[in-house]
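Enquirer: Here is a sequence with its predicted model. Questions after.
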Amino acid sequence: MTFASRVSALLDMYNCCLTSLHTEMDIETFHVFWKMSESGHPAEKCFIRTPQYEHYFEGEAHPRILETMPDFKLMPKEQLIPGAVFGVNFTCISFDPTLYIDYLLKRFLAAGGKIVHARVQHIKQVVEGGSDVFEGKTSAPPAAVVVCAGIGARSLGGVEDKTVTSVRGQGVVLHAPWVKFGATRRKIENEFISYVIPRPNGNIALGGTLNVDDWYPLPRPETKTEIMQKALSLWPEIAPPEARKNGRRPTIEDLYPIFVEDVLGLRPSREQGIRLEVKWIEAKGVKSPVVFNYGHGGYGFESSWGSASMAVELMETALTV
């Protein structure tokens, strides 16, 4: 089988159904995270396993893939938040993003990796000269190039994918070590999804927005207030215990003393979904396979290991033909 036909077969398998592609990525990623969160693993302290409660409303149904999650069960009606038709409960994994990324960086460097900070105008610069060219060095061209450009895929020469846009996500971080659960109220009409995500350091993340083609780079104060008010109305347990003594209903003012930071991300979404593709690109007589892997939107962490595995498979196929 030729390189083109082998790669085409892989792409057909990956892209025959976008939902299936995401599911496959998510399953593999969850298994890797589960292994990392086990006692004794070098990344153990990055993760926390907690019960997760998903609340669904009229016209919605939980993804069947959730039924494969550890400890999966349907929630009794008395546990549902107001307006929910049904809910599911399972054991989930969350992590401290900063701690986890630091772990990945150390692992990368220990394996011989190198970080080079540079402004790349066109992918042909990397095809011809690798990373050394940005340090003023001449070396052999790289065997392969992987493009994970995120939002930069819109403007990076050789990519310039104008179907990539921002899905703006704003959230709030509180320090609430008494919260030992995660929960999500799925989207209702034009309202944003409400969620609580616990982290190993005692913080919780509240959210959040999914604003397509919204490029505003700063947190909006009114959105912050709305996020906290909605989360508090659904899960008053996020307020400090003293604010809930003797049956008192906590208010948003009770959350400000435990406020840590606003969080904001311009997630790189793509109209056609994730671009997972390999092409041979030539630059001044040098040819290398270039793997494109971007457009994950708000699912970057969730699909990371599965997406990386597929990209590696495409690259290895290109290199062995």
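Expert: Thanks, I have the structure now.

Enquirer: Contact partners for Ala205?
Expert: By CB atoms under 8 Å, 6 or more residues apart in numbering, Ala205 lies in contact with Gly171, Val172, Val173, Tyr195, Val196, Ile197, Arg199, Val263. Bear in mind the C-beta positions are built from the backbone N, C-alpha and C, glycine included.

Enquirer: so which two of the residues you listed are the farthest from each other?
Expert: Comparing all pairs in those by CB to CB, the longest separation belongs to Val196 and Val263, at 13.8 Å.

Enquirer: Looking at the contacts of Ala205, which one is closest to Gly306?
Expert: For the contacts of Ala205, the nearest to Gly306 is Ile197 (20.2 Å; CB to CB).

Enquirer: Which of the contacts of Ala205 fall within strands?
Expert: Gly171, Val172, Val173, Tyr195, Val196, Ile197, Val263 (DSSP state E).

Enquirer: Out of those, who's the most crowded?
Expert: Val196 (25 neighbours; other CB atoms under 10 Å).

Enquirer: Could you count how many residues lie near the closest residue to that residue other than its chain neighbours?
Expert: Using CB to CB, 6 or more residues apart in numbering and skipping the chain neighbours, the partner closest in space to Val196 is Ala183 (4.9 Å). For Ala183, the neighbour count with other CB under 10 Å is 24.

Enquirer: Same question for Phe292.
Expert: 23.

Enquirer: would you say it is within a strand?
Expert: Yes: per DSSP: H, G, I helix; E, B strand; the rest coil, Phe292 lies within a strand segment.

Enquirer: which stretch of helix or strand covers Arg106?
Expert: Rather than Arg, residue 106 is Lys. Using DSSP states H and E, Lys106 maps to helix 97-110.

Enquirer: and that helix, C-alpha only, in CSV?
Expert: Taking Å, rounded to 0.1, in the frame of the first residue of the first chain, the C-alpha atoms of helix 97-110 are listed here in CSV:
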residue,chain,number,x,y,z
PRO,A,97,-3.6,22.6,35.2
THR,A,98,-0.4,24.4,36.2
LEU,A,99,0.9,21.4,38.2
TYR,A,100,0.1,19.0,35.4
ILE,A,101,1.7,21.1,32.6
ASP,A,102,4.8,21.5,34.8
TYR,A,103,4.9,17.7,35.1
LEU,A,104,4.6,17.2,31.3
LEU,A,105,7.3,19.8,30.7
LYS,A,106,9.7,18.0,33.1
ARG,A,107,8.9,14.7,31.5
PHE,A,108,9.6,16.2,28.0
LEU,A,109,12.9,17.7,29.1
ALA,A,110,14.0,14.5,30.8
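
Enquirer: who touches the helix or strand following it?
Expert: Next in sequence after helix 97-110, counting helices and strands by DSSP H and E, comes helix 123-129. Among residues not part of helix 123-129, those counted as contacts by CB under 8 Å, 6+ apart are 120, 133-134, 138-139, 141-142, 145, 147, 156-159, 281-284, 286-288, 290.

Enquirer: Could you rerun that using 7 Å?
Expert: With CB atoms under 7 Å, 6 or more residues apart in numbering as the test, helix 123-129 has contacts from 120, 133, 141-142, 145, 147, 156-159, 281, 283-284, 286, 288, 290.

Enquirer: Stretch 140-154 now?
Expert: Stretch 140-154 has contacts (CB under 7 Å, 6+ apart) with 123, 126-130, 156, 159, 161-162, 164, 166, 266, 268, 286, 288-294, 311, 315, 318-319.

Enquirer: Buried only: go through those for me.
Expert: With burial judged by 16 or more other CB atoms under 10 Å, the buried subset of the contacts of stretch 140-154 is 123, 126-130, 156, 159, 161, 164, 166, 266, 268, 288-294, 311, 315, 318.

Enquirer: All the helices of the stretch 151-300 of the chain, residue numbers only.
Expert: 221-234 (DSSP state H, counting those that start in this stretch).

Enquirer: Any regions of it where pLDDT drops low?
Expert: Where the stretch 151-300 of the chain drops to pLDDT under 70, the residues are 187-191.

Enquirer: what about the strands in it?
Expert: 164-175, 182-185, 194-198, 203-207, 211-212, 259-270, 275-283, 286-294 (DSSP state E, counting those that start in this stretch).

Enquirer: Can you add distance to Tyr53 and give these back as a markdown table?
Expert: As requested, the strands of the stretch 151-300 of the chain are exported to a markdown table (distance: least, CB to CB, whole Å):
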| stretch | distance to Tyr53 |
| --- | --- |
| strand 164-175 | 18 |
| strand 182-185 | 4 |
| strand 194-198 | 9 |
| strand 203-207 | 14 |
| strand 211-212 | 25 |
| strand 259-270 | 22 |
| strand 275-283 | 32 |
| strand 286-294 | 32 |
